[in-house]
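Asks: Quick one, what's the 3D model for this:
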Amino acid sequence: MKAMIFAAGKGTRLGDITAARPKALLEIKGKSALRIAVEKLTLNGFDDIIINVHHHANQMIKAIDNLKQEGFRLTVSDESEQLLETGGGLYKARWFFDDRPFLLYNVDIITDIDLNEIYSYHIEKGGIATLAVRAYPDTRVFLTDKEGIIRGWRNKSTGEEILTGNYGSLDEKAFSGIHVVEPEVFSYMKEGFYSMTSFYLNIAKNKNIFAYDYNPEYFFDIGSPQELENAINYIQII
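Replies: Below you'll find the predicted structure:
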């Protein structure tokens, strides 16, 4: 099965840590975040993977080549000249995918999610996309109805809210940066710099996007120094 790892980000929240190397090559217990993601996806059957690169692209391409020499099936989507964010990055790589649902995975996520479970859940629900979410007090959250369909988004710090209709009471769910997507999405996408979050909110009025609610034993977004340290400390003891 096919998958895409989003690994092009600049890692600006990490400050000096990513000044000389990309976030994807930060190590946790002797393994880079990129290797952790590639191994996890491959072990779960998502063994044909495209990876977008931008920040320190040469380092990333060298690391990807090394993984390819070990037998991993990897392809590079080069965004060296222009960073496209997740939405634009996916659209640029659309040629890679076939007619089956595929997985999207943020390289900075370290978690024990069962990828086959979310894939099966996606097939069962039949939506255009399924997003892994958690009941976590994040600042920016998706809003879901009782059927688990995404109906909006909220920034709890600024009060900004986007709703796709009038649905009454909605649950707040934190997005985990992992999603299963139908190739149909490319019919609604375009070139440019935009996030998958904004794209999903644009099509949510007319297309069902489901939330896969899971309760992980561990979850770390190593995009900040504190979360990187937390991940390193946790992984060292398991």
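Asks: rest of the way, CA atoms for contacts and neighbours
Replies: Noted.
Asks: Kindly state the pLDDT recorded for Asn166?
Replies: Asn166 carries a pLDDT value of 86.
Asks: do Ile237 as well
Replies: For Ile237, the pLDDT comes out at 58.
Asks: Show me the helices in the chain, by range?
Replies: Along the chain, counting by DSSP state H, helices occupy 33-43, 57-69, 85-92, 115-125, 196-203, 225-235.
Asks: Can you pull out the low-pLDDT segments for this structure?
Replies: Scanning the chain for pLDDT under 70 picks out 236-238.
Asks: Tell me where the longest strand sits in it.
Replies: strand 171-181 (DSSP state E).
Asks: Quick one: residues contacting Leu34.
Replies: Residues near Leu34 by C-alpha atoms under 8 Å, 6 or more residues apart in numbering: 7, 24-25, 107.
Asks: related to what we said a few turns ago, just checking, what packs against the longest strand of the chain?
Replies: If you count contacts as 3 or more C-alpha pairs under 8 Å, 6 or more residues apart in numbering; DSSP states H and E, strand 171-181 packs onto strand 102-106, helix 115-125, strand 129-134, strand 140-144.
Asks: Mean neighbour count and distance to Val53 for the ones you listed - can I get that in TSV?
Replies: Formatted as TSV, the helices and strands packed on strand 171-181 follow (neighbours: other C-alpha atoms under 10 Å; distance: least, C-alpha to C-alpha, whole Å):
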stretch	mean neighbour count	distance to Val53
strand 102-106	21	12
helix 115-125	16	23
strand 129-134	23	23
strand 140-144	22	25
